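>>> Please find the sequence and the predicted model below.
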Amino acid sequence: AQSVTQPDIHITVSEGASLELRCNYSYGATPYLFWYVQSPGQGLQLLLKYFSGDTLVQGIKGFEAEFKRSQSSFNLRKPSVHWSDAAEYFCAVGTDKLIFGTGTRLQVFP
Amino acid sequence: KAGVTQTPRYLIKTRGQQVTLSCSPISGHRSVSWYQQTPGQGLQFLFEYFSETQRNKGNFPGRFSGRQFSNSRSEMNVSTLELGDSALYLCASSLGLVSYNEQFFGPGTRLTVL
């Protein structure tokens, strides 16, 4: 069965520090992969997506993610975190529906 | 272009009642999906409608139902509400079927069941 694992429930970083959020998926075929961000009381906003091609994907707000088929991973990165990045981040795999991970809550200290 | 809109934004009901939530997709989008978000279960897929037809359904009881109109607007209905139905219900629209199309999410409807 398809599944998405985000091993980190909560991550705290200092403003200006680099960030990596982990995502592992289980899916038999070539996956469609997504990262969404959710601010408190809001819906989900798409940060970036991978369908095929270049395994390093650039997204909005300075985020990028790298698809590694051998590791079944699609980790999200940002070189320098801003206080406004504090939110919950969801990785998802697209099959005939979106299957979401449990999310990683990011806290940013000034 | 206007985003996905959901009404109402907040709703309080009591056990046993029924509720109808509404979703207006982005203009031109033909697919509407519904998700339930709770602290315990996370984001779970309810169903997807495309061109007024239910294309896919998640693992929820029959108390949860939906429909889509010819203008792509969608409603979901929950009958005989239970305490566990308290959740944020998110609607998402996309141009085509979900699997390879980007989904745009609305702000959600927060349902509280007392």
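Sure thing, it's come through.
>>> and stretch A:30-39, what's its mean pLDDT?
Stretch A:30-39 carries an average pLDDT of 91.
>>> ends of stretch A:36-51, how far apart?
The stretch stretch A:36-51 measures 15 Å between its terminal residues, going by Cα to Cα, to the nearest Å.
>>> Am I right that B:Y35 is in contact with B:A87?
No. Using Cβ atoms under 8 Å, B:Y35 is not in contact with B:A87; the gap is 9.4 Å. To be clear about C-beta, it is placed using only N, CA and C from the backbone, and glycine gets the same treatment.
>>> Which of these two has more residues huddled nearby?
Applying other Cβ atoms under 10 Å in any protein chain shown to B:Y35 and B:A87 shows that B:Y35 carries more neighbours, namely 26 against 22.
>>> Using the three-state scheme, assign the spatially closest residue to A:A86 that is not a sequence neighbour.
Closest residue to A:A86 apart from its sequence neighbours, by Cβ to Cβ, 6 or more residues apart in numbering or on different chains: A:V108 at 4.6 Å. Following DSSP: H, G, I helix; E, B strand; the rest coil, the label given to A:V108 is strand.
>>> In contact with A:V108, which residues?
Residues counted as contacts of A:V108 (Cβ atoms under 8 Å, 6 or more residues apart in numbering or on different chains) are A:12-15, A:81-83, A:85-86.
>>> How about A:R69?
Going by Cβ under 8 Å, 6+ apart, A:R69 touches A:T55.
>>> Can you point out the helix or strand that includes the residue nearest to B:Q44 when sequence neighbours are not counted?
Distances taken as Cβ to Cβ, 6+ apart place B:Q36 nearest to B:Q44, at 5.0 Å, with adjacent residues excluded. Assigned by DSSP states H and E, B:Q36 belongs to strand B:31-38.
>>> low pLDDT regions in chain A?
Within chain A, no stretch falls below the threshold (pLDDT under 70).
>>> From chain A, how far out is the residue minimising distance to the centre of chain B?
Relative to the mean C-alpha position of chain B, the nearest C-alpha, by Cα atoms, centre = their mean, is the one of B:W34, at 3.2 Å. In this view, B:W34 and chain A are 10 Å apart by Cβ to the nearest Cβ, to the nearest Å.
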